[in-house]
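>>> No sequence on hand, only this structure:
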């Protein structure tokens, strides 16, 4: 762990540890404490297992007290939404919560306790769903604000460390059930494979590293899909085969091959846009962006179902958070959805002064094409949510709200 911290230059950083109460995350908290790193603990109670869920929350709070670190807690009544699994809904809720804490408390990273067994399961799940080479590379140990320092550690080693250090932890009874696909894979499938191929986990981890290396070079990257939005790095065009394949695909979409070649050679920092039969190509800085007309012309709609406001028809590749929660009593009048306009301002979560939305979009490094698909959820006085990016500080939750005082926001 010390090697991970120094390799990623994290010694002076401050962290938010996602602690469920299970052995993996509790061990991680103890290790961070032993290394004298600055961290806080966050726990989300999804109310899916009744008293057991509440027990996990109490345990996590007591752990934070024992380690003398700050504790952040959110309790929600997770509800099924058509077309999305409970696991995905819960994932969106916790990551939105973690980002909110990072912004408000000025912390640097969220630390997750995913380990080697989780990595193997993730790759197999991707494979069974159908994926490209990207899906076979698994999770990264460092992605944006997320850190996964245990990715190379087996669950067997983690259990041994917990036993050796006599660390108390909680056990999620639902993990023993094979109702969910991941649990079925973990409980039923992998043990059978391990009997025939001992050492499966180590072999898989080696293969994942091979896939990562291959992913940098694989000619399959030459395939360009003009039916969906994409963002391509200029460095890929250094490969003449990829460059020619891209131009041929673009010409088939009625883009000018000559113009593309000139723009690729120029690498201008100014935005240059080309129109094709069914979309736009934008050349800016070190990237090329594409937005199909379907995405540009689609107008999102909103619908209130109980305590949840559903946003449909949001076609964008820049969405950071699909789920948010805001205070109902701070909403004034009717809620509406509108496209952002130059000059619009809001007070982003964690700030006290207003900021131009154009500056916020610049912070997120959105291209001109992406900005065409940015919408703002508003009441009659102010912005509530810059869709998929940030909520307004004026409607944040204070912790005193009951479920009726909370409005759930979700992009589907």
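Nice, I can see it. Everything numeric in this text was worked out from a predicted model, so none of it was measured. Residues are numbered from 1 along each chain as shown.

>>> isn't residue 33 right up against residue 41?
No - counting by CB atoms under 8 Å, residue 33 stays clear of residue 41, with 10.3 Å between them. Every residue, glycine included, has its C-beta placed from N, CA and C.

>>> Compare the two and say which is more crowded by neighbours.
The neighbour comparison of residue 33 against residue 41 (other CB atoms under 10 Å) goes to residue 41, with 25 against 16.

>>> does that one sit in a helix, a strand or a coil?
For residue 41, the assignment made with DSSP: H, G, I helix; E, B strand; the rest coil gives strand.

>>> is it in a bridge, and if so with what?
residue 17, residue 71 (DSSP bridges).

>>> Now do the same for it: its pLDDT.
pLDDT for residue 41: 96.

>>> Over to residue 353?
As predicted, residue 353 sits at a pLDDT of 90.

>>> ok, now the one 4 residues further on?
According to the predicted model, the pLDDT of residue 357 comes to 93.

>>> in stretch 28-38, what counts as buried?
By 16 or more other CB atoms under 10 Å, the buried positions in stretch 28-38 come out as 28, 29, 30, 31, 32, 33, 37.

>>> Which of these fall within helices?
Judged by DSSP state H, those include 28, 29, 30, 31, 32, 33 as members of helices.

>>> Could you measure from the fifth one over to residue 124?
Look at residue 32 and residue 124: by CB to CB, to the nearest Å, they are 29 Å apart.

>>> Tally up the residues packed near residue 231, please.
A count of neighbours around residue 231, defined by other CB under 10 Å, yields 15.

>>> quick one: average confidence on stretch 184-193?
Mean predicted confidence for stretch 184-193 is 90.

>>> For that stretch, buried residues please.
For stretch 184-193, the neighbour count (16+ other CB under 10 Å) marks 185, 186, 190 as buried.

>>> And stretch 359-370, by the same measure?
Residues of stretch 359-370 classed as buried: 360, 361, 366, 367, 369, 370 (neighbour count, 16+ other CB under 10 Å).

>>> what helix or strand is the fifth one on?
Per DSSP states H and E, residue 369 falls inside helix 368-371.

>>> Does that helix pack against any helices or strands, and if so which?
strand 279-284, strand 287-292 (3 or more CB pairs under 8 Å, 6 or more residues apart in numbering; DSSP states H and E).

>>> what's next to it, contact-wise?
The contact list for helix 368-371, computed with CB atoms under 8 Å, 6 or more residues apart in numbering, reads 229, 271, 273, 280, 282, 284, 289-291, 296, 316-318, 340, 361.

>>> which among those end up buried?
Looks like the contacts of helix 368-371 have 229, 280, 282, 284, 289, 290, 291, 316, 317, 318, 340, 361 buried, using 16+ other CB under 10 Å.

>>> Pretty sure the fourth one sits against residue 263.
Read that as residue 284. No - applying CB under 8 Å, one finds residue 284 not in contact with residue 263, separated by 9.7 Å.

>>> hey, what's in contact with both of these two?
Shared contacts of residue 284 and residue 263 (CB under 8 Å, 6+ apart): residue 272.

>>> hang on, the earlier thing: which neighbours do residue 33 and residue 41 share?
Residues touching both residue 33 and residue 41 by CB under 8 Å, 6+ apart: 67, 69.

>>> quick one: which of the ones in helices among the buried residues of stretch 28-38 is nearest residue 196?
Lowest distance from residue 196 to these (CB to CB) belongs to residue 28, with 32.1 Å.

>>> any idea how far that closest one lies from residue 55?
From residue 28 across to residue 55, the span is 20 Å (CB to CB).

>>> same question, residue 262
Residue 262 sits 64 Å away from residue 55 when distances are taken as CB to CB.

>>> Next: residue 235.
Applying CB to CB, the value for residue 235 to residue 55 is 50 Å.

>>> can you check residue 393 too?
For residue 393, the distance to residue 55 (CB to CB) stands at 33 Å.

>>> Give me the more crowded residue out of these two.
Neighbours were counted for residue 393 and for residue 55 using other CB under 10 Å; residue 393 has more, 17 against 14.

>>> quick one: pLDDT of the nearest residue to residue 37 once chain neighbours are set aside?
Nearest residue to residue 37 in three dimensions, chain neighbours excluded: residue 15, at 6.4 Å (CB to CB, 6 or more residues apart in numbering). Per-residue confidence (pLDDT) for residue 15: 94.

>>> Same question for stretch 316-327: list its buried residues.
Of all the residues in stretch 316-327, those buried under the rule 16+ other CB under 10 Å are 316, 317, 318, 321, 322, 323, 324, 325, 326, 327.

>>> again but with stretch 292-308, I slipped
Going by neighbour count (16+ other CB under 10 Å), the buried part of stretch 292-308 is 292, 295, 300, 302, 308.

>>> between these, which is closest to residue 112?
The shortest approach to residue 112 among the buried residues of stretch 292-308 belongs to residue 308, at 26.4 Å (CB to CB).

>>> so who does that closest one touch?
Counted by CB under 8 Å, 6+ apart, residue 308 has contacts 79, 81, 407, 408, 409, 410.

>>> Same question for residue 105.
Going by CB under 8 Å, 6+ apart, residue 105 touches 16, 40, 70.

>>> Neighbour-wise, which one of those residues leads?
Counting neighbours by other CB under 10 Å, residue 16 leads the contacts of residue 105 with 26 neighbours.

>>> Right, I'll leave it there.
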